[in-house]
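Asker: quick one, what's the 3D model for this:
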Amino acid sequence: MTAKAKITTDKALAVLAGPGEIYSDSIKGTGLYLFVTKTGTRRWVFIYSRHGKRRELALGVVDGPKGISLKDARNQARAYQATLAQGGDPWDDARREKEQQIKAQTFGEFADTFIAEQAKGFRNAKHIAQWKMTMKVYAKRLQRLPLDGIETADVLAVLQPVWTAKPETAKRTQGRIERILDAAKAQGLRKGENPARWRGHLDKLLSRQSKLSRGHHAALPYASVPAFVAKLRKSDAVSSLALEFLILTAARTGEVILARWNEIDAINAVWTVPAARMKAGREHRVPLSARALEILNAVVPVRTAPDGFIFPGAKEGKGLSQMALAMMLRQCGEDDVTVHGFRSAFRDWAAEETDAPREVAEAALAHAVGDATERAYRRGDALAKRRVLMDAWSAFCT
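Answerer: Now for the predicted structure:
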């Protein structure tokens, strides 16, 4: 191994970043080296020989929140040299420390870290909330178990109670647990087969799900929506107002709980949801009925800033949680339907009770209609026609 240059100071270290290069410490005898991967990650490595065998110990990375400075890396290398001088082996010490970390870490702790890392690639907060809810609610019994101690029986205990009752939820839970345990193994925090693996493992132990209602959300029949809205109106809680606003606008949960005041045009009664929060990635204008505007007026007293959340959550600076709307459903006695299902109720009502063209109803749900060519010619969003439809829906609901 040939080092390209010497590491002298932290300032000099800042310019050592050639992909695939190796740099040695300017102080002789420390055994400290800087490796730069092909992707540009810079990591410290301690290299030594023991009984004629060359070994490398990773000390950590240079950059990021957990980055290690040159001084700290040298101190760690010197500590390893002292261990060698006393007849010990840093490799054994590092292995024992790793084993202790593995035993101490729980599934819940690692799952939180994994989700936080995955969240960087999620398009909106809804996906993060879904992952967290799955772990906290359905995989609750795994939370405190040692990460390396989870077995097939533990995974089955999570899945079996919901496997036939909630097939879609159960399958998602299984898939997420499998991914988390795979990641743990990749990081050396687990050994052996993944007890949550479906193919060739759980598929031999769990019954085949005859119906996986993918994409379907249990909905309240549209005829029952007015009675449900009447129940909501008995409460002036932010969550009840947010849920009614969601129903009246036929919007998705993430669009409502993250809505901000600067998206509202009260004069023209329009709510503009930015593209970043829309499933289709396109800006969406929502015509606001008189009742929807009343709801906005009702939450003005809790307004914190011109661009603050319309429906603030319990934590300062945070929007209402997805779980808050689900809990409001349960408080109103609807345990078997979902918040998202109100969009289906609206669509059924529009089809059965109105003469609204299909494309207008679909536009109200922010669904793309027709092929790419047809959409290219239909550049408008039928706002005026949708306003008539949403006013009628509001009148029906209230």
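Asker: need the phi and psi values for residue 44.
Answerer: phi -80, psi 140 (degrees, to the nearest 10).
Asker: and it, what does it touch?
Answerer: Counting by C-beta atoms under 8 Å, 6 or more residues apart in numbering, residue 44 makes contact with 32-35, 58-62, 68, 73, 76. Heads up, the C-betas are built off the backbone N, CA and C, glycines and all.
Asker: in strands, which of the residues you listed appear?
Answerer: 32-35, 58-61 (DSSP state E).
Asker: kindly state the pLDDT recorded for the residue sitting nearest the centre point of the chain?
Answerer: Of all residues in the chain, the one closest to the mean position by C-alpha atoms, centre = their mean is residue 128, 1.7 Å from it. Predicted confidence (pLDDT) for residue 128: 82.
Asker: how near is it to residue 21?
Answerer: 37 Å (C-beta to C-beta, to the nearest Å).
Asker: then residue 305?
Answerer: 48 Å.
Asker: more neighbours: which of the two?
Answerer: Ranked by neighbour count (other C-beta atoms under 10 Å), residue 305 and residue 21 place residue 21 first, with 15 against 10.
Asker: so the more buried one makes contact with residue 36?
Answerer: Yes. Using C-beta atoms under 8 Å, residue 21 makes contact with residue 36 at a distance of 4.9 Å.
Asker: circling back: and which of the contacts of residue 44 is nearest to residue 319?
Answerer: Comparing the contacts of residue 44 against residue 319 with C-beta to C-beta places residue 61 closest, at 33.6 Å.
Asker: and the closest one, how far from residue 120?
Answerer: Using C-beta to C-beta, residue 61 is found at 17 Å from residue 120.
Asker: in terms of neighbours, single out the busier of the two.
Answerer: In terms of neighbours (other C-beta under 10 Å), residue 61 is the more surrounded of residue 61 and residue 120; the figures are 14 against 6.
Asker: how far away is the more buried one from residue 42?
Answerer: As judged by C-beta to C-beta, residue 61 and residue 42 stand 6 Å apart.
Asker: ok, now residue 354?
Answerer: Plainly put, residue 354 is 62 Å away from residue 42 if you go by C-beta to C-beta.
Asker: setting aside sequence neighbours, what's the nearest residue to the residue nearest to the centre of the chain?
Answerer: Spatial nearest neighbour of residue 128, chain neighbours left out: residue 119 (4.7 Å); criterion: C-beta to C-beta, 6 or more residues apart in numbering.
Asker: doesn't residue 129 make contact with the one you found?
Answerer: No. Counting by C-beta under 8 Å, residue 119 stays clear of residue 129, with 10.0 Å between them.
Asker: neighbour count for the two, which is higher?
Answerer: residue 129 (17 against 13).
Asker: contacting residues for that one?
Answerer: 321-323.
Asker: if we use 7 Å, what do you get?
Answerer: residue 322 (C-beta atoms under 7 Å, 6 or more residues apart in numbering).
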